[in-house]
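> what's the 3D shape of this:
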Amino acid sequence: MKGKKVGKEAQDGLVQAIQESELSVSECCEILLLSDRRYYRWVNWKEPWKRIPWNRIKPEEEEAILKVANNEKFCDLRAAGLMVYGHDTGEFSCSISTVQKVLKRHELAAPYTPPKRKRNSKKPEVRDLIKAPNQIYCYDGTEFRLTNGLKVQAVPILDIGSRKNLKNGVYINNFTEKDVMALWDETLFEQGIDTRKLVILSDNGGQMKGKLIKKHMTEEWLVTLLYARPYTPDDNPWIEAFNKSLKYHHAKPDKFETVQDVIDWVELHRQLHNDHPHSALGYVRPNDEHEGRGDDIRKERKEDLKVASRARLEYYYESKAVKKESGEGLEVVHNSFAVC
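Okay, the predicted model is just below:
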């Protein structure tokens, strides 16, 4: 019996057998290889109290989440978007997982399976440079087709540190080194930063690796140029993900009649992207991160969570007192290290 797990029914049977036996408890326990302490623990077993975590959201907070989730205006938002909305409006302060649990509990959560990504074993050195905005930019071209078959190329420029779409170029059929030079001149002039510390990442296209663009960028702007390995999109996944959003965003028109339609969409997508909370930034908007407000927003949200946790703790201690007075068994589990 020693060291073996015994079910509740077996425990009750053994306790009854020992109590009905003519031998003493110690003698019975010795025969069964059962310690006296374990026997008396079985005898004095009590039904465990229902445990409720102290930092569980309050009913009014859950109602606020459900009210927003059932609003048609926010039907496209997932748990992360609802979390950001709650913090921004002050209606509720909780984590993404808490919102997801509330939605799932009320059958409002859409099924979601995280995509499995095949990652390259060799990490690009550029990842060590991503510490703040205006440290490293990346760019690449992506293709659109008009209804008449004409090819239009869009070239977005992305700040990897803040995920902000800084500027876009749109060209018919293809773009040249001079087009890229003019696009970078406009972008860097608008940003007004010290380009001597700037790194620009791109693929190995001729327009990006030609002698003209290399000489112009390194001598005129004093930037450092880095290039992804051939056939290795994982070396520059930021611009690849951005281009995917540009081509498959739910607000994208079904078709483009003219080049101006493409230009209008690229500009609209830039505004949508820069004003949408980004998961890589802790669900801070790229515009805010680029302006240096990201740390303050994340810190404010943590403080909001602490305030909400303290309010929930007080609420459940009050509930505990009320339930004790009414005779209901309730135990509040208090974990000082718990977060929302």
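
> Helices along the stretch 51-200 of the chain, start to end?
59-69, 79-89, 96-105, 177-191 (DSSP state H, counting those that start in this stretch).

> Between those helices, which one is closest to residue 140.
helix 177-191 (10.9 Å; CB to CB). Heads up, the C-betas are built off the backbone N, CA and C, glycines and all.

> just checking, what packs against that closest one?
strand 151-159, strand 164-172, helix 206-209, helix 211-215 (3 or more CB pairs under 8 Å, 6 or more residues apart in numbering; DSSP states H and E).

> Tell me which residues of the last one come out buried.
For helix 211-215, a neighbour-count test (16 or more other CB atoms under 10 Å) marks residue 213 as buried.

> domain assignment for the protein?
8-43, 52-112+294-333, 134-281 (automatic domain parsing).

> which ones are touching the residue nearest the centre of the chain?
The chain has residue 279 as the residue nearest its centroid, 4.0 Å off, counting by CA atoms, centre = their mean. Counting by CB atoms under 8 Å, 6 or more residues apart in numbering, residue 279 touches residue 80.

> start at 19 instead
Sure, I'll start counting at 19 from here, so that last one is residue 297.

> want to throw the domains of the chain into TSV with distance to residue 143 and mean pLDDT?
Putting the domains of the chain into TSV (distance: least, CB to CB, whole Å; pLDDT from 0 to 100) gives the following:
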stretch	distance to residue 143	mean pLDDT
domain 26-61	59	88
domain 70-130+312-351	24	86
domain 152-299	8	94
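
> Now distance to residue 146 too, for the ones you listed, in CSV please.
Below are those laid out as CSV (distance: least, CB to CB, whole Å):
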stretch, distance to residue 146
domain 26-61, 56
domain 70-130+312-351, 19
domain 152-299, 10
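
> Indicate which one of those is closest to residue 145.
domain 152-299 (9.2 Å).

> and the end-to-end length of that closest one?
15 Å (CA to CA, to the nearest Å).

> Next: stretch 146-158.
End to end - CA to CA - stretch 146-158 spans 21 Å.

> Pull the distance from it to the chain's centre.
When distances are taken as CA atoms, centre = their mean, to the nearest Å, stretch 146-158 is centred 20 Å away from the chain's centroid.

> Could you do stretch 114-126 as well?
15 Å.

> which other residues reach that stretch?
With CB under 8 Å, 6+ apart as the criterion, stretch 114-126 contacts 75, 80, 83-84, 87-88, 97-98, 100-101, 104, 127, 301, 358.

> between those residues, which is closest to residue 211?
residue 301 (25.6 Å).

> Contact partners for that closest one?
Counting by CB under 8 Å, 6+ apart, residue 301 has contacts 98, 101, 102, 114, 295.

> Give the buried residues for stretch 258-266.
258, 260, 261, 263, 264.

> residue contacts, the third one?
In other words, residue 261. Residue 261 makes contacts with 158, 160, 174, as judged by CB under 8 Å, 6+ apart.

> Apart from its neighbours in sequence, what residue is nearest the second one?
Taking CB to CB, 6 or more residues apart in numbering as the measure, residue 160 lies nearest to residue 261, with 4.2 Å between them; neighbours along the chain are not counted.

> The last one now?
Once flanking residues are discounted, residue 174 sits nearest to residue 186: 4.8 Å by CB to CB, 6+ apart.

> Same question for residue 109.
residue 82 (4.8 Å).

> What are the buried residues along stretch 107-120?
Buried positions in stretch 107-120, judged by neighbour count with 16+ other CB under 10 Å: 110, 111, 112, 113, 114, 116, 117, 118, 119, 120.

> I meant stretch 246-258, not that one.
Buried-residue list, stretch 246-258, by 16+ other CB under 10 Å: 246, 252, 253, 254, 255, 256, 257, 258.
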